[in-house]
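Participant: I'd like to go over a predicted model; first the sequence, then the structure.
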Amino acid sequence: MARYGMALDYKNCINCKACEVACKEENGVLLGADKHRIWVGANAPSGEWPHLDIVSSTFMPSQCQHCEDAPCEEVCPTHATYYDENHVVRVNSDKCILCSYCMNACPYDARYVDDRTVTVDKCTFCSDTRLARGETTTACQNTCPTKVRTFGDLDDPESEISILLKTRDHFSLKSHLGTHPKLYYLT
Amino acid sequence: MRVEVSRRRFLQNTVALSVVGGSALSLGALAAESAHAGSLPETTTTKTGTGSAEIIPTLCGMCVNKCAAFARVEEGVLTKLDPNPYFPKSRNMLCPRGNSGIQTLYDPDRLKYPLIRIGERGDGRYKRVTWEEAYDAILNGTDKFKGLAQILDEEKDNRATIGYSNGEGLSKEGFEVLVGQKIGTPNYVDEISICLETTLGGYVNTIGTYGEADMNNADYIIVAGANRAEAIITPDTMDMFKRTKKRGLTMIVLDPRFTNTAAKADRWYAVNPGTDLAFVLALTYVAFDEGLYDKEFCQKYMVGYAEYKAHILSKKYTPEWAAKLTGISAKEIYRTAREFMKARSPIYYQGRRSAFSPNDFQLRRAMAIYQGLSGNLDKKGGIIYGKKIKLPPEEVNAPMYAQAQTRFDRKGIAIPADKTGSWILFRNMILEGTAPYPVRVMLMRKHNPMSGVPDTTKTEQLLRKMDLNVMIDILPSDTAMFCDVILPEASYLERTSPVASFGGLEPAIVQRKAAVKPLYECKTPEVIYKELAEKLSEPLWKNTLKYDEDVQDDTKGMKPDALKKYYKENGFDLADAWEKTVEESNKERVVKAFGEEAWKILEEKGVYYPHMEAYHKQLDPNTYEYYPEDKKNYHVKGDKIKVVANFTNLTKKGVDAMPTWHDDMAFHVPKGKFRLITGRHAQFTQSGTTNNAMLRDLTPTNYVWINSRVAAERGIKFGDLVEVRSRIGAIRLQAYPTESIAPNQTFLLHGFGGNSRGMEMAYGNGGNDARIIEDHIEPVYGAAAMHLTDVEIRRV
Amino acid sequence: METKKFMGFLPVNAISIKDLFAFEKSFVNLLAIAVTVVFLVMFVVGVGNYLLHGHHVFNVTREHPWGLLIATYVFFVVSSTGLCIVGSLGDVFKFEALNYQLFSKRAIFGSIVTILAGFAVIAFEIGHPVRMMIYNVVSPGLTSAIWWMGTLYGLYLTFMIIEFIFLLRHEMRRAQVFGFIGLAVGLAAHSNLGSVFGFLNARPISNGVYYPTYFILTAFITGIFIAFIMMGFRYKLDFPPEIKKMLTGLAKIQGFLLGAFLFFAGWKMLTDVYGGMPGRADVAVHIFHSWTFWAEIVLAILIPGLVILLGQAKSHVLMFYASLIGMVGVFFMRYNLVHDTQLKPLQMMKTTRYQLPPQWVEYVPSTTEILISLGGLGLAFVMYYIGTRLFDLDESVTEEAPER
Ligand code: SF4
Ligand code: SF4
Ligand code: SF4
């Protein structure tokens, strides 16, 4: 099966949050400001007006990194968090006991509690919605005005994402933690 | 407002509706939530399913862009809006507002059935009535207010006693047909005079078009007073930010605030509000002085080129001069001026926003001329003219009313816009009693002047002064609360709209189809127009027969049959404009112009343009090609291109023929005060979107920006409640100390501070800028000049 | 099983409900009763509120998913382990001064009571406790410290109960065997609890070997505090000579442990602050400035330490009071452990414009959390009280009962 990952041309991001809304509508994510699977981080520009530091206010779109060595999976006492056949880190809400260990263990703040099931939820790469219907893009990728994201199979050398990663410099977030994220930020 | 506001009851309605519709509702969230009787559901999002779904092409109606989308409807419930990859303008994207359209559709605060006022204006007491009763109240009034028949009788059929206003959208024209052409009043005001009238006017009068900036091929762009990252315009927003940050497009941003657009810029200049004109004039000076412009182009196409050059040089609009006015250093102005003219494809971005200062018309002229100096017009990478796909026009048989007087909102302005008028002048002249005849009725649709037009107090006075106010809308806005009859309209997702043609580099026609049937008792605008026309037609005709001497002359001694014929032939049958449904007339027009095949494509894909099947390609998961490179309309004008630098006709109207700086344009704020500037965020449009549950999560309220050092001096911290007071009023909202704004300026988001209790989330949330923005107008069109208000800020 | 037979199997005092209320109506007793009843009512109200409104009634958030209830749970299980260790001194390791007639049985019973209280509290923090019991077995997550901790504590409880039964039946050798296994499992469980925090590589402040070892050390300290408190109540502060001897012994150990702990805590803080590691040094500095940190140091270490030092381990009554204070300090210790782990936001950027940049994650327990936590204490009191009535926790028997 596939090994899904995502490349983010993050410099394109304008912090519009269309991705966040599309994700919520697609996946039926709860309303509420901190109930999100996906977000954009931004810093207030440093410096004093009018000498502001433009590059200090870069936007960083983010979501679950779908780590290959996922701390969240490691710490789950009931295997509710698991790698699915496409190496997507998923949560089985029937098994989740809400011990919240994974929320503490994830270095990326990717997890939150879904108040309906009272279990932990996070980005699924739209596996149970769009991918299940045979679509090839995630909701966040598809809706983005500036097309920040490219989603695809890292094992397929011909896929767009593989080509991007072979030809463009990129980095991962908190890579020193050894989580091996499958979200790649293109520079 | 005594209408249901509870989310739970709303959902019960949905359930009931879908049962009536024959399909049981089993979709996750909605069903699950309705089971939790007693507690408010936290969600109206619905996870999309994997089973069968109807996919219906629609056009977004959350803002003005009209992005194409596909609606996913599962068991009668709209579960998702996806971008439509066929429309070149929206380039397979939906912004946050577009995505959250579902929340507007299922907003529990929607107007659900016709309402008639039973309390006093503004107190929100209404009675639920049938459509027939509502139409009847418009015609005949109730014990609380007079009806159209009586008012027009008293005014002796002076149709101009009716004012009307309308919001932007695809059904806008129909309302203008109904009230302007059929009922016959000239007194129309809309968003144009509080929006981009001067921008359009300045450009059209200078280069003949507002044009389209070819962001995909430009290599240098000055973006002044346009915040494309937050006030999204398609396709500009999508195209430009893929290439900024040293990836092919150098971007210089001028804005008093450090916006998200500034965050993407190569350089950001914190220009003083209202002084952009000085900046452009200085750029122009450098171009002339250093000979850095396309001389050949100017000699050929620029009208008044020599005079303009002499004007600029003799006035000594040097960067040193401009530096003092704009706050941008001379060095930076030189640098920008030289870089611009040396770039391969430079664009001084037209921008698209309200007139902020009285010199806005001249600013736009100066910008357009400056663009002309670069010669980068009507070509790849420049400002292009493009083409539009023509659709057969829809004929309207408009009657003539001899008693109808002409519009009056033109006092003191140079080029009154006959069609759209000047909101502020219109309102103020009525209030001051300088209107030549009484205006007694306001028929309004999808328009909320209480929030949109500067000086809410006066707008409220205007509405209170009227004998009859009618609102057609989807939510009980602040303005609706001053209306006597409120008609609930189907939202854009519940209606098929007239086909529209979008021109430009890659033109296309698009059609919005109803994704779901109108909820509750709502009706589509066109059905409302038709039914209202049917109701009003004969009674108003009788009034015309009673007072209109021309008609009396024409019809003297006519038999009933002949009279009937006259009535029909001369357009007095108001409903005849809607003999065909929108669906029928769309089909007819498209088939007539492009044939059956085109109609099939449009029905299925929502978009059509000639050769679409052959041209449209997906290049990679994120990129589509709409037209092959050689079929794009980069170059359409040929030698017909014209840049009017010296517009001598303007002098006769008292307007400078060439952009000129006047000393009174300088920026000055009294000590201790702040210049109030206004603007938008990407997550909402106007007052209408502040009740959207999803968007509210993203931008919960509006804050007032205050420079953090000034805030510290005054002991104001983040989230502190402050009062912002201008000459005309005061609002209270929370403070946001930030270095992204100058010490003598302040900013707050437009659209918040709702005052209608019927809008649960918008009510009392934040501050309404229209309450404190003074109603200045610019002298050319009488458009609102929004950035002239100084305010005081104090902690409360 | 008939009562008689059961009583034959397990020496239980035949008491009626009435007996439970037959106690000396002294001021201290009445006060203790009142406090216990209030705590129990709190428990009922807190749990009721939770059952009615669900997880919302807790102030835990996305950024701070573990709150007061986790801290309280840790507090109880550390107490339990501590009592188990102290009890084992006499029972398993046969330290003369601490032999079980004097304290071991009471300690083992206390360890059962406290861990039950801990389980009762955590049952309401875990979203799905029943599901936990099923899937812990059906699909065990063997890489999860929580799984090991939970499972080992389950085993531990079982062994403690078995040990207690043998103690009651005076089957000392069996008691010793199970006591030893129980202690081993308890220590394993307990250090695993430390590793729940120690494994978090997202949280440099907690990551590493410190917590697993510190947990054992502080458990021992806690056990001795509780020993003083229990004995204080048992003898109404009027200790017989053999008890005095025992308490002096315990106090000496405690003095040593507190010294060691101060040494560990000091170096932990010093290496954290001056190690300069991002996410650890800054957090440590922040902790250094928090009052709860100083509450922990002063109440749990300095005051009891000074009392022991100045009284040369012989001021038993003062030690009783110092132990009460020490337990408050221990509670802060648990709270700090949980809270400090989550102090530093994992997402340091603003996610909406109108917010202050994330700095430190704030957490204040909600009323319901406080109610349930204090309620847990009430449960422990009540169970302990019933136990003192039901079982002879300090009968003096010197010979082993005959094997059956
Ligand atoms: S939709 Fe795209 S541009 Fe908008 S916030 Fe998300 S990633 Fe950024
Ligand atoms: S980002 Fe967090 S939730 Fe996602 S796989 Fe990694 S550790 Fe797990
Ligand atoms: S991939 Fe899907 S689930 Fe994940 S953030 Fe994007 S839209 Fe949400």
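Facilitator: Happy to help now that I have it. Ligands and ions are numbered 1, 2, ... in the order given.

Participant: Next, find the distance separating the residue in the stretch 351-500 of chain B that chain A sits nearest to from residue B:114.
Facilitator: Nearest residue of the stretch 351-500 of chain B to chain A: residue B:493, at 12.7 Å (CB to the nearest CB). Placement of C-beta: from N, CA and C, glycine included. Distance of residue B:493 to residue B:114, computed by CB to CB, to the nearest Å: 20 Å.

Participant: Let me see the domain layout of chain C.
Facilitator: C:15-59+C:366-392, C:60-344 (automatic domain parsing).

Participant: tell me the mean pLDDT over the shortest one?
Facilitator: Right, domain C:15-59+C:366-392. Domain C:15-59+C:366-392 carries an average pLDDT of 87.

Participant: The longest helix anywhere in chain A and chain C in contact?
Facilitator: Identified as the longest helix of chain A according to DSSP state H is helix A:18-27. No: Helix A:18-27 lies out of reach of chain C by CB under 8 Å from any CB of the partner chain, never closer than 9.1 Å.

Participant: starting at the chain centroid, how far to that helix?
Facilitator: How far helix A:18-27 lies from its chain's middle: 12 Å, per CA atoms, centre = their mean, to the nearest Å.

Participant: Mean confidence (pLDDT) on that helix, please.
Facilitator: pLDDT averaged over helix A:18-27 gives 96.

Participant: again, but for stretch A:168-187
Facilitator: For stretch A:168-187, mean pLDDT is 95.

Participant: coming back round to it: now do the contacts for the residue of the stretch 351-500 of chain B closest to chain A.
Facilitator: Neighbour list for residue B:493: B:58, B:61, B:71, B:78, B:101, B:102, B:104, B:105, B:514, B:515, B:516 [criterion: CB atoms under 8 Å, 6 or more residues apart in numbering or on different chains].

Participant: Can you get me a residue count around residue 93?
Facilitator: Since no chain was named, I'll use chain A. Using other CB atoms under 10 Å in any protein chain shown, residue A:93 has 16 other residues around it.

Participant: that answer is for a different chain, and I need it for chain C
Facilitator: Residue C:93 has 13 neighbouring residues, counting by other CB under 10 Å.

Participant: any idea how far it is from residue C:163?
Facilitator: Using CB to CB, one gets 14 Å for the distance from residue C:93 to residue C:163.

Participant: Can you point out the helix or strand that includes residue 87?
Facilitator: With no chain named, the answer covers chain A. Secondary structure from DSSP states H and E places residue A:87 outside every helix and strand.

Participant: You answered for a different chain; I wanted chain C.
Facilitator: Assigned by DSSP H and E, residue C:87 belongs to helix C:68-91.

Participant: Give me the packing partners of the next helix-or-strand element following that helix, helices and strands only.
Facilitator: Using DSSP H and E, the helix or strand that follows helix C:68-91 in sequence is helix C:104-125. If you count contacts as 3 or more CB pairs under 8 Å, 6 or more residues apart in numbering or on different chains; DSSP states H and E, helix C:104-125 packs onto helix C:27-53, helix C:68-91, helix C:145-168, helix C:210-234, helix C:367-390.

Participant: One more pass at 7 Å, please.
Facilitator: With contacts taken as 3 or more CB pairs under 7 Å, 6 or more residues apart in numbering or on different chains; DSSP states H and E, helix C:104-125 sits against helix C:68-91, helix C:145-168, helix C:210-234, helix C:367-390.

Participant: Need the winner for burial among those.
Facilitator: helix C:68-91 (a mean of 28; mean count of other CB atoms under 10 Å in any protein chain shown).

Participant: Let me know the average pLDDT across that one.
Facilitator: For helix C:68-91, mean pLDDT is 90.

Participant: repeat for stretch C:311-322
Facilitator: Across stretch C:311-322, the average pLDDT comes to 86.

Participant: Just the buried positions in it, please.
Facilitator: For stretch C:311-322, the neighbour count (16 or more other CB atoms under 10 Å in any protein chain shown) marks C:311, C:313, C:315, C:316, C:319, C:320, C:321, C:322 as buried.
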